[in-house]
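Engineer: Give the three-dimensional model of this entry:
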Amino acid sequence: MQDLKLAVLIDADNISPKYVKVILDEAASFGVAACKRIYGDWSDARLKSWKDVLLNNSIIPIQQYSYTTGKNSTDSAMIIDAMDILYSGTCDGFVLVSSDSDFTRLAIRLREAGKKVYGMGEKKTPNPFIVACDKFVYIEVIRAAAKQAAEAAKKKEEAQAKKTAKKENKKCQTSSSPAPEEIVELIAESEEAGVFAVKTEDSRQFFIMGHPEYDADTLAREYWRDVNKGLDIAVPAHYFPGDDPHQAPVVRWRSAGQLLYTNWLNYYVYQTTPYDLKQL
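Structural biologist: Numbers count the residues shown, from 1 in each chain. Got it, this is the predicted structure:
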């Protein structure tokens, strides 16, 4: 099933910047963030802490001045934008991030138009807004779960590292095999990508460190997956034309990978393998 195209709209007056990563990670579980916007009066000193968060997560800030002291004018700007996006037909659903009940009627209207509506807010969020969404997620809950998962992953990684180190140490103590640099030969590398291919002295074994088997869009899908998760990831070098991730990648590696494999198979397997397998 195709992922939903989502508009992620964040009310900066009611959400802390410390929640942004878990918000975007959770949104990625619902679909693809086709647009990410945040609303607030950015001339207000209280919102200065948002700057780095917005840059690192490709979120577009929408300026809305506070016309009257004590009134939240950003709600109106966010509602108007949501309706514009609805009628543009570019998104399948909305993620409304706020702990404000003022968005209750908006959530209802979007659902009446056949759009999926996901809400996110703190536990103080009024119940009318919660029940107006198809699904509502408490930010404190997903943040605690993400923290717990990260701690569990770290412990698992540390345990695996210890297990691997113990195994390698035992192998070094018991093995009489020559060192790796004495039995393999480097045949392809670059300063940018590092080692690409090595082979044994008899050339009967090749070890490929890259991925020449990748389809044209494999790396593109992995790149956009990480971008949509809010990860700070570099654009793959020499992959997109002009290093522009919005351009379709040009396949230049598949033919080289196939040629390398067929040449190796032809010479080192078909031509040099003795008919009598006992001679191997």
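Engineer: Look up how far Ser49 lies from the spatially closest residue to Gln63 that is not a sequence neighbour.
Structural biologist: Excluding the flanking residues, the one nearest Gln63 by C-beta to C-beta, 6 or more residues apart in numbering is Trp42, at 5.4 Å. C-beta coordinates here come from the backbone N, C-alpha and C atoms, glycine included. Computed as C-beta to C-beta, to the nearest Å, the Trp42 to Ser49 distance reads 11 Å.
Engineer: do the same with Pro212
Structural biologist: 45 Å.
Engineer: more crowded one of those two?
Structural biologist: Between Pro212 and Ser49, counted using other C-beta atoms under 10 Å, the more crowded position is Pro212 (16 against 11).
Engineer: where does the residue nearest to the more buried one when sequence neighbours are not counted land on pLDDT?
Structural biologist: Leaving aside its sequence neighbours, Pro212 sits nearest to Gly257 (C-beta to C-beta, 6+ apart; 2.6 Å). If you check Gly257, the pLDDT there is 75.
Engineer: And for Gly31?
Structural biologist: Confidence score, pLDDT, at Gly31: 92.
Engineer: Please name the nearest non-neighbouring residue to it.
Structural biologist: If the residues on either side of it in the chain are set aside, Gly31 comes closest to Leu4, at 3.2 Å by C-beta to C-beta, 6+ apart.
Engineer: which phi and psi does the one you found have?
Structural biologist: Backbone torsions of Leu4, given as degrees, to the nearest 10, read phi -70, psi 140.
Engineer: confidence score at it?
Structural biologist: Confidence score, pLDDT, at Leu4: 89.
Engineer: How about Leu47?
Structural biologist: Predicted confidence (pLDDT) for Leu47: 84.
Engineer: for the spatially closest residue to it that is not a sequence neighbour, phi and psi?
Structural biologist: Excluding the flanking residues, the one nearest Leu47 by C-beta to C-beta, 6+ apart is Gly40, at 5.1 Å. When quoted as degrees, to the nearest 10, the phi and psi of Gly40 stand at phi 180, psi 170.
Engineer: Val195 now?
Structural biologist: Backbone torsions of Val195, given as degrees, to the nearest 10, read phi -70, psi 130.
Engineer: and the residue nearest to it when sequence neighbours are not counted, how far is that from Phe196?
Structural biologist: In space, and not counting its chain neighbours, Val195 is closest to Glu189: 4.9 Å by C-beta to C-beta, 6+ apart. According to C-beta to C-beta, Glu189 stands 6 Å off from Phe196.
Engineer: for Lys229, same thing?
Structural biologist: 28 Å.
Engineer: ok, the residue nearest to Gly31 - how many residues close by?
Structural biologist: That count, for Leu4 with other C-beta under 10 Å as the rule, works out to 18.
Engineer: from here on, count from 494
Structural biologist: In the new count, where the first residue is 494, that last one comes out as Leu497.
Engineer: Tell me the confidence at Leu589?
Structural biologist: The model's pLDDT for Leu589 equals 95.
Engineer: Please disregard the earlier target; I meant Glu644.
Structural biologist: pLDDT, Glu644: 77.
Engineer: Any figure for the gap between it and Ala637?
Structural biologist: Look at Glu644 and Ala637: by C-beta to C-beta, they are 11 Å apart.
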